[in-house]
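Undergrad: fold the following.
(2 chains)
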Amino acid sequence: MSAGKTTGTLLTPELLAAVGRTTEPRREEVSRREIRHYAAATRQRDPRYLRGDEAPPLFYTALFWPEAPLEELRADGLTREGLLPPLPLKRVMAGGVSVNFTRAIRPGDQLVARKALKRIQEKQGRSGPLIFVDVEMVVETESGEPVLTETTTSIAR
Amino acid sequence: MAKLEDLRPGDPLPELVFEPNEVDLFFFNAALWNGHRIHYDAPYARDAEGYPALVIDGPLQGDWLAQVVTQWIGGSGQLVSLEYRNRRAAYLGERLRAGGQVEAVDLESGEVRLRLAVLNEAGEATTPGSAVVRMRP
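TA: This next block holds a predicted model:
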């Protein structure tokens, strides 16, 4: 690959055609126990979170983490990303997250998450090509009240 | 925290220190239902993916930045937005500091922009980020 090139040869038409793809809505009921577990596992200090009265801001990460039967996990233990055809680069790292919050999450909330594949880019890293994948997730209550919008960037290398 | 009108760019937020061990990583990944082996299978992380040790999850470090903000605002405001980037890997055994400072204050809207980072022992940002909070009038 030539130096300074930002879009390369790894993004096949099949991969690029996945941009814009959306998932089926995922519905989850929030339990106090699940909030408490997340709060303890992240060593929160605020008693509201530790009691499970209100969820820490990033609790939704756990609530909507991709799920799969264990026999369907990849060899590295990750869940296959349903929005994306298999990538030519296999080592996947968290790249970053950007989230706008509208309303706190509390026990008993019935939430709906919808994901969409927003962008796929190839970039040159120090040690070779990288593929950046941006996925947007919109979370609302069952009655359509906005809760949050998140964009996650994953990096494959 | 100080009153909105007393905040100045550069004011530091109280720092939180984290030194996760295997049990932290186990519970965090279990809470997510995250099976990624680099967080709990040390031989795999080393031999198959070439990491020096178990990798501390990016979303866990992101949560520490959120905690810096929620601990600082307490009941006096709310988190409007948060953004972070996983710039540099952090490994089991590292002692990491999450902190930040005030970047800008908008008295009219009550919004305060914060610059945040998780720093390793060398002072390098493993997870830089930023947030906006809105203070209650």
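
Undergrad: count the residues that sit near the nearest residue in space to B:Leu4 that is not next to it in sequence.
TA: Spatial nearest neighbour of B:Leu4, chain neighbours left out: B:Met135 (4.8 Å); criterion: Cβ to Cβ, 6 or more residues apart in numbering or on different chains. To be clear about C-beta, it is placed using only N, CA and C from the backbone, and glycine gets the same treatment. Residue neighbour count, defined by other Cβ atoms under 10 Å in any protein chain shown, stands at 20 for B:Met135.

Undergrad: and for A:Arg27?
TA: A:Arg27 - counted by other Cβ under 10 Å - has 10 other residues nearby.

Undergrad: for A:Arg157, same thing?
TA: 15.

Undergrad: how about whichever strand or helix holds A:Tyr60 and chain B, any contact?
TA: Assigned by DSSP states H and E, A:Tyr60 belongs to helix A:60-63. Yes - using Cβ under 8 Å from any Cβ of the partner chain, we find that helix A:60-63 touches chain B at A:Thr61, A:Ala62.

Undergrad: how far away from the center of its chain is that helix?
TA: Distance, stretch centre to chain centre, for helix A:60-63: 9 Å (Cα atoms, centre = their mean, to the nearest Å).

Undergrad: hang on, the residue nearest to B:Leu4 packs against B:Gly110?
TA: Yes - between B:Met135 and B:Gly110 there is a contact under Cβ atoms under 8 Å: 4.5 Å.

Undergrad: next, show the common contact partners of these two.
TA: B:Leu4, B:Gly77 (Cβ atoms under 8 Å, 6 or more residues apart in numbering or on different chains).

Undergrad: of all the residues in chain B, which one is nearest chain A?
TA: Using Cβ to the nearest Cβ, the single residue of chain B nearest to chain A is B:Gly58, 3.2 Å away.

Undergrad: over to the nearest residue to that residue once chain neighbours are set aside. Which of the three states is it?
TA: Among residues not flanking B:Gly58 along the chain, A:Ala94 sits closest, at 3.2 Å (Cβ to Cβ, 6+ apart). Classification of A:Ala94 by DSSP: H, G, I helix; E, B strand; the rest coil places it in strand.
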